[in-house]
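Undergrad: Whatever this is, show me its structure:
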Amino acid sequence: MSTSVLVIIPAGSKATKGLPSGRASGRKKKKHCHKKGYHNWSLQKADLCSGMKAFKWCDYDDDEKTERPPTCLPDGPPVEAQCDLLVGCDGAFSSVRRQLMRYATMDFSQTFIKHNYIELNIPPTTSGEFAMEPNFLHIWPRNTFMMIALPNTDHSFTCTLFMPATEFEKITTDEQVLDFFQKFFPDSIPLIGIDALKKQFFLIPAQALMMIKCSQYHASETMVLMGDAAHAMVPFFGQGMNAGFEDCLVFDELMDRFHNNFARVLPEYSILRVPDGQVITDLAMYNYMEMRAHINSPWFHFRRFVDNTLHRIMPNTFIPLYTMHKPSLSIPQAHSSLSFYPTHL
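TA: Okay, here's the model as predicted:
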């Protein structure tokens, strides 16, 4: 008998906060509804492969306690899908996770950090070249906040300013923007451009940063979470997408090991991935401290020197934290390496 899989993914620029559905009835049935008066949401179905369907929708506000009768979608009737496995890949505000928590005994935490961010752009030079060296991560560390710049394929740079929300709130005029950048990032002003800086700074409000942790990633043998739906993290370690890909890799290996038996695959998937997901989330937050503050310390540069020296002497025994980025490494090993520094160096 063929197996059907329903994959839920986010759509649009807004994170999904509420699953537009009635209560699940039975093992395979999920009913997706729309209620007039809420934000419009779109539902699009795509065939990924034999036996697999993908759905995506936009955000809308929802009162979880309100029972909603099935009504028509803006472009048609409600969509009812039957599946053997529901896969939640729908981001940090996962609707699938919220439904999963009704059926699984699991701990869940959602933590917003006190720092927000905005993005700015450094265009290419007049000759079309990069305005800075493209083969580096550019960091302006300022202890309690920082700005970074990463190259793009069109020879521009995306600059991201991470700063406490309270500091963003103090900057309300063009003059205050220029004063702030002249004080903390004067070399970036000619790269961005004065007019562009004033325009881009207020283009959209500073965005929030959050972390998600779950004590398990599955419910029974019918629902499973992957990616940010399971372990959203701040972006400072650059491993969020890799962690999601590793979810897929581990799940695929377990499907082979247990011959596609979801009753065995899903519990083992949680056992293997939950520790890794929680540790990489912690490492990402730690790295923000390192990037914005520790990098200014002579101790940091001494530690990096010791790291590289030990790695040259014992390449198979001592591996620097940033060299460990590969799916074959158990992330708790990286966490152990991080803990090694203050104790032994």
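Undergrad: Ramachandran angles for the closest residue to residue 185 other than its chain neighbours?
TA: Using CB to CB, 6 or more residues apart in numbering and skipping residues adjacent in sequence, the residue nearest residue 185 is residue 140, 5.4 Å away. Quick note: C-beta positions are derived from backbone N, CA and C, even for glycine. In terms of degrees, to the nearest 10, the main-chain angles of residue 140 are phi -110, psi 90.
Undergrad: swap in residue 260?
TA: Torsion angles, degrees, to the nearest 10, at residue 260: phi 60, psi 20.
Undergrad: What pLDDT does the model give it?
TA: On the pLDDT scale, residue 260 is placed at 93.
Undergrad: Quickly find the element holding residue 255.
TA: helix 240-257 (DSSP states H and E).
Undergrad: Residue 98 and residue 231, how far apart?
TA: Distance of residue 98 to residue 231, given as CB to CB, to the nearest Å: 16 Å.
Undergrad: before we move on, what about residue 138?
TA: Taken as CB to CB, the span from residue 138 to residue 231 is 28 Å.
Undergrad: And these two? Which one has more around it.
TA: residue 231 (27 against 17; other CB atoms under 10 Å).
Undergrad: Thought residue 282 was touching the more buried one, still the case?
TA: No - the criterion here is CB atoms under 8 Å, and residue 231 misses it with residue 282 at 10.5 Å.
Undergrad: Residue 125: what's its closest spatial neighbour, skipping adjacent residues?
TA: Per CB to CB, 6+ apart, closest to residue 125 is residue 131, 5.5 Å.
Undergrad: Check the contact between the one you found and residue 191; I expect there is one.
TA: Yes - counting by CB under 8 Å, residue 131 sits close enough to residue 191 to count as a contact (5.1 Å).
Undergrad: Look up phi and psi at residue 127.
TA: When read as degrees, to the nearest 10, the backbone of residue 127 gives phi -90, psi 0.
Undergrad: Number of residues surrounding it?
TA: Residue 127 has 6 nearby residues by other CB under 10 Å.
Undergrad: Could you pull out the buried residues of the helix holding residue 255?
TA: Across helix 240-257, burial judged by 16 or more other CB atoms under 10 Å covers 240, 243-244, 246-247, 250-251, 254.
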